[in-house]
Every structure is written in structure tokens, then in C-alpha cells.
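>>> build me a model from this:
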Amino acid sequence: MHGSDDERGAHAPGADPSDPGAAPFANSAPHPGRSVGAKLSGDFLAGVVIVGPVALTLYLIWWLVNAVDAAIKTVLPAAWNPDTYLPIHVPGLGLIVGLVTITAIGALATNLIGRSLIGFGETIVSRMPIVRNVYSPVKQIFQSVVSAAGPGATPQKVGLIEFPSKGLWSIVFVTADTTGEIASLNPGGSGEMLTVWVPTGLVPPAGFICFLPRREVILLEMTMEDAAKIILSGGMIMPEARAKVAPAPDAAGTRLPPSA
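Here you go, the predicted model:
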């Protein structure tokens, strides 16, 4: 009554690809090893994208806190240092002490006595042959950075210039209007000029200082943060356009196209 084992095996569901009953079993077959490996690789890369920035940010914060702690706790009195009487290390105390000290010095500098003391100290430093050559430019740099980042400051601009050769365009940071001896010389008879900083791709903190006519700089609506993302990522990150690119106005206030 029953067929042979071969006959039963030949008509068993899933034995014949043309058998409709074989479809569910065929679809449920495991993926090849390559597909599983590719999926695991994609999941790993997705995890790196999520975990990497968080881990690096936390590491940099932890390193900064420990570096400031190590520098300040060496000059901190033992009675103020909790590490001398607590069984565990308390991170961040040096950073808090440093912030409070800097704020207190800033508050002191706003009154007459503080200004007098600071002026007396700067007078002594200005008479030291080698120290004054370092202190004066460093102070000017700090004053420029703080004034540019402080409340009410004029936002710094991002622009494009033809650099390093004709037809090649580079992102620049417009730092200021060119003044002083360079502006008075009026090189090339170009009129009003801008001072720009051209960051290098290989070493982002380094760059070139250039003095250009306003008409040679195309100002962008891009923020400083977006420009930094492009530079630090080597162009892999391109933020969305915020507004139409417009050339810088000339001395008369009209907008001129970039030079050909």
C-alpha cells in the first residue's frame, strides 16, 4: 500500500525545487557565510561610528581633567587637596580651582587696584629683553581670540580663494580687514584688502596668512564649524548649503565676481 522509500523521498516537501511545498523550506535556508560576514562587518562599522566619537570625546575630557589636576595639585596646599585625606582620587578639583582662579583674576582686573597691579607687572615684563619678545605677541594673540569669540563680537567669515594656483579653490578664514603698514602700502594697487588664514589639509592647526583684495575673496554663508568639518575630514564631510554663495563687496559696496 505504501510506496517505497525512494518514492516517498522523491515526493517529500522540499525535496523537489518545483514542488510548491518546497518554497517555505528554500526561503528559510541559512544565508551563505559571505552574507553573514558582510552583515557582521556592517554592524561592526555601525557600532564604531556610534561608539568611536563618544569614546574619543570622553577620553579627551578625561585627559584634560587629569592634566589640569596634575598641574594645579602640585601647587595646591595639602590641606586643600582631598587626595591627602580621602582613600580615593577625586578628579576635577584642579580644573575647578583653575576656573575659579582665572575668574577671580579677571574680576580683580576690572577694578582700579587690579589694573594697577597688572600694569606694574607688565611694566616689569616689558623691560626684560627676551621675555618681552615672547609676552607681547602672545598677549596680542589672546586678546584677538577673546575679542573675536566674546559677546558682541563680529562673526568670523569663511571664504574661497584661488589657491594654490589658478582654477584651484581653497577654504579660508577671513580674520580681519588688513590694516597698518601692509594696508598703507596698497600692494598691487588693489585697494581695500582682507587678511585671511589658509589652513593646510595635512596639519590643520597650521596654515598660511594671506593678504588679498576684497574682490578676490568669495564670502560664504558657511559657519566656522562647518568649514572646520570639511578641513578636518579631508572633504569627506560636506555640510548642506545654507545660502547662495556671494562674492565679497568691494570698497564701493558693490558685489564683484571673482577674478577670472
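>>> centre-most residue in the protein?
For the chain, the residue nearest the mean C-alpha position is Ala228 (5.2 Å; CA atoms, centre = their mean).
>>> determine the longest strand present in the protein.
Longest strand in the chain, counting residues (DSSP state E): strand 169-177.
>>> may I see the buried residues of that strand?
Using 16 or more other CB atoms under 10 Å as the test for burial, strand 169-177 gives 170-174. Quick note: C-beta positions are derived from backbone N, CA and C, even for glycine.
>>> hang on, the earlier thing: tell me which element the residue nearest to the centre of the chain falls in.
Per DSSP states H and E: Ala228 is located in helix 224-232.
>>> same deal with Phe211?
Per DSSP H and E, Phe211 falls inside strand 207-213.
>>> average pLDDT for that strand?
In this model, strand 207-213 carries a mean pLDDT of 87.
>>> export it to CSV, keeping only CA atoms.
Presented in CSV, the C-alpha positions along strand 207-213 are these (Å, rounded to 0.1, in the frame of the first residue of the first chain):
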residue,chain,number,x,y,z
GLY,A,207,48.3,77.4,7.6
PHE,A,208,49.2,80.4,5.6
ILE,A,209,48.5,84.1,6.2
CYS,A,210,47.5,85.9,3.0
PHE,A,211,46.5,89.5,2.2
LEU,A,212,44.1,89.7,-0.6
PRO,A,213,41.9,92.3,-2.3
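>>> and it, what other elements does it pack with?
strand 193-199 (3 or more CB pairs under 8 Å, 6 or more residues apart in numbering; DSSP states H and E).
>>> in its sheet, what does the strand it packs on sit against?
Taking DSSP bridges as the criterion, strand 193-199 pairs within the sheet with strand 169-177 (antiparallel), strand 207-213 (antiparallel).
>>> relative to Ala107, which of those is closest?
With CB to CB as the measure, strand 169-177 is the member of those nearest Ala107 (29.0 Å).
>>> and the following helix or strand past the closest one, how far from the chain's centre?
Sequence-wise, the next helix or strand downstream of strand 169-177 (DSSP H and E) is helix 180-185. Chain-centre distance of helix 180-185: 32 Å, with CA atoms, centre = their mean, to the nearest Å.
>>> ok so, going back, got the strands paired with strand 193-199 as TSV, with distance to Gly106 columns?
Formatted as TSV, these follow (distance: least, CB to CB, whole Å):
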stretch	distance to Gly106
strand 169-177	24
strand 207-213	30
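>>> nearest approach to Glu162 belongs to which of those?
strand 169-177 (6.1 Å).
>>> and the closest one, average pLDDT?
88.
>>> any idea how far Pro129 is from Gly114?
To Gly114, Pro129 is 27 Å away according to CB to CB, to the nearest Å.
>>> more neighbours: those two, which one.
Taking neighbours as other CB atoms under 10 Å, Pro129 and Gly114 compare with Gly114 leading, 15 against 6.
>>> and that one, helix, strand or coil?
The local conformation at Gly114, judged by DSSP: H, G, I helix; E, B strand; the rest coil, is helix.
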